[in-house]
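S.K.: I'd like to go over a predicted model; first the sequence, then the structure.
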Amino acid sequence: MVKLIHTADLHIGKSRTLPDYLERQEIMLDGIYKVAEARGTKLVLMAGDIFESKNIKWEEQQLFMEKLFEYDAKGFFTVLCNGNHDELATGVSHMWLPAMVQKAGGLNNTYVIDTEPQVIRLPEVEIAVIPVVNNNMTTGELEDEVSRLHRDLHPTKPFVVMLHATITGSNTDIGYSITGGPRIPDLHFVDYWAVGDIHRSQEIGHNAWYSGSPIQHNFGDAQPKGVLVVAVEKDETPTTELVELEGIKPLVTITEKPDEWPTDCYIRYIGPMEGIMDLPDNVIKTEGVAPEAAEEGEEEGPVQMEFSDSLTEGLTDFLHTKGIAAELQEEGVLWVTEKYVK
């Protein structure tokens, strides 16, 4: 039996609106390996979308590289591939830096797959890694690719497939049912499919799971979040357990003024503003319409509050499910934000 950690969709650089976003993402990275150590495994799979977009900051790339070096030196085996959000240009992703360091011998236990699919052969398990899958790939083409990678492998070792793909039949946190992309082929020789892309942890086929994102990146990401602890055996059904990371403040939406505001979280308040003179510091977003103080002889009218993530998160998810490239998703969201979001 082989135990591993399955995670994806770290989206480093996404939560910049949070006061402690970089510290939060450092806690996330440390937390992934803490779960691995607590559950007795040194193997961590990161199935793409390590970064949020091509416009990451140097300190975000530096944070990720420092953690790779730290846990590589501690003997953890990390296998990672690029996702659609990691792409810088056609054929180039943010994985270029860890890939270059790995090839130069700077990372001894870290495997970076950023171009063509390949198989990682470890002592107890073999892992076929397929970087970001185009939504136009058919189920048959995915089956052919995995079958090709499986040829000539060890007959008694568990065989795991890690990929970043939008899988038809899966569901997002905000309720979209995915209709684009392939389905998971029913291949008897695949003991576990470790898939990244959709932020909701869910089973998506025979022996196949989305891990979901390890933490909430915005208020559209629903709880629970965490990493999957997976136990894999050859020709057996894998077991999975979602384990939440410690030390991460949840993102909570409140629709009515509470008697007492919760403190150990960040809050988005969507509700009436009457009688609210001051909001706690941890209320970082407000949305909605509040009655305007009417002048004598005038009717009450709406006051435009701050519209934050709801519109743009939904639009991003929708464009993604339709197979729109990440760069075009960003352009579309930017246009909507400039035109409609105040």
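M.R.: Cool, the structure landed.

S.K.: thought Glu256 was touching Tyr269?
M.R.: No. Between Glu256 and Tyr269 there is no contact under CB atoms under 8 Å: 9.2 Å. To be clear about C-beta, it is placed using only N, CA and C from the backbone, and glycine gets the same treatment.

S.K.: which one's more surrounded, these two?
M.R.: Taking neighbours as other CB atoms under 10 Å, Glu256 and Tyr269 compare with Tyr269 leading, 24 against 8.

S.K.: I'd like the distance from stretch 204-212 to the chain centre, please.
M.R.: Computed by CA atoms, centre = their mean, to the nearest Å, the separation of stretch 204-212 from the middle of its chain amounts to 14 Å.

S.K.: for the stretch 1-150 of the chain, what are the low-confidence residue spans?
M.R.: 135 (pLDDT under 70).

S.K.: just the strands in it please.
M.R.: 2-7, 43-47, 77-81, 87-89, 92-93, 110-113, 118-121, 126-130 (DSSP state E, counting those that start in this stretch).

S.K.: give me the pLDDT for Ser201.
M.R.: Note for Ser201: predicted pLDDT of 96.

S.K.: oh sorry, the question was meant for Gln216
M.R.: 95.

S.K.: for Asp281, find the nearest of the strands of the stretch 1-150 of the chain.
M.R.: strand 2-7 (30.7 Å; CB to CB).

S.K.: packing partners for that closest one?
M.R.: For strand 2-7, the packing partners by 3 or more CB pairs under 8 Å, 6 or more residues apart in numbering; DSSP states H and E come out as helix 21-38, strand 43-47, strand 192-196, strand 227-232.

S.K.: I'd assumed Asp191 was in contact with Glu236.
M.R.: Yes. Using CB under 8 Å, Glu236 is in contact with Asp191, at 7.2 Å.

S.K.: between the two, which one's more packed in?
M.R.: Asp191 (23 against 13).

S.K.: which one is the more buried one nearest to, not counting chain neighbours?
M.R.: Pro158 (4.4 Å; CB to CB, 6 or more residues apart in numbering).

S.K.: residue contacts, the one you found?
M.R.: Val2, Glu124, Val125, Glu126, Asp191, Tyr192, Val232, Glu233, Lys234 (CB atoms under 8 Å, 6 or more residues apart in numbering).

S.K.: recalculate using a threshold of 10 Å.
M.R.: 1-2, 4, 124-127, 190-192, 231-236, 238 (CB atoms under 10 Å, 6 or more residues apart in numbering).

S.K.: please pick the buried ones from those residues.
M.R.: Among the contacts of Pro158, those classed as buried by 16 or more other CB atoms under 10 Å are Val2, Leu4, Val125, Glu126, Ile127, Val190, Asp191, Tyr192, Ala231, Val232, Pro238.

S.K.: reformat the residues you listed as CSV; add distance to Lys74.
M.R.: Output for those, formatted as CSV (distance: CB to CB, whole Å):
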residue, distance to Lys74
Val2, 19
Leu4, 16
Val125, 20
Glu126, 23
Ile127, 20
Val190, 30
Asp191, 27
Tyr192, 24
Ala231, 22
Val232, 23
Pro238, 26
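
S.K.: kindly export stretch 84-94 (C-alpha atoms) in CSV.
M.R.: C-alpha atoms of stretch 84-94 as CSV (Å, rounded to 0.1, in the frame of the first residue of the first chain):
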residue,chain,number,x,y,z
ASN,A,84,-4.0,26.5,-17.3
HIS,A,85,-3.5,29.3,-14.8
ASP,A,86,0.3,28.7,-14.8
GLU,A,87,0.7,29.4,-18.5
LEU,A,88,2.8,32.4,-19.5
ALA,A,89,2.6,31.8,-23.3
THR,A,90,2.1,28.9,-25.6
GLY,A,91,4.4,26.1,-24.4
VAL,A,92,5.8,28.2,-21.5
SER,A,93,4.6,28.1,-17.9
HIS,A,94,5.6,29.3,-14.4
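
S.K.: distance across stretch 79-87, terminal residue to terminal residue?
M.R.: 18 Å (CA to CA, to the nearest Å).

S.K.: please begin residue numbering at 757 from this point
M.R.: OK, 757 is where the count begins now, so the last one is stretch 835-843.

S.K.: tell me where the chain has helices.
M.R.: 777-794, 814-829, 852-859, 895-906, 1065-1077, 1082-1096 (DSSP state H).
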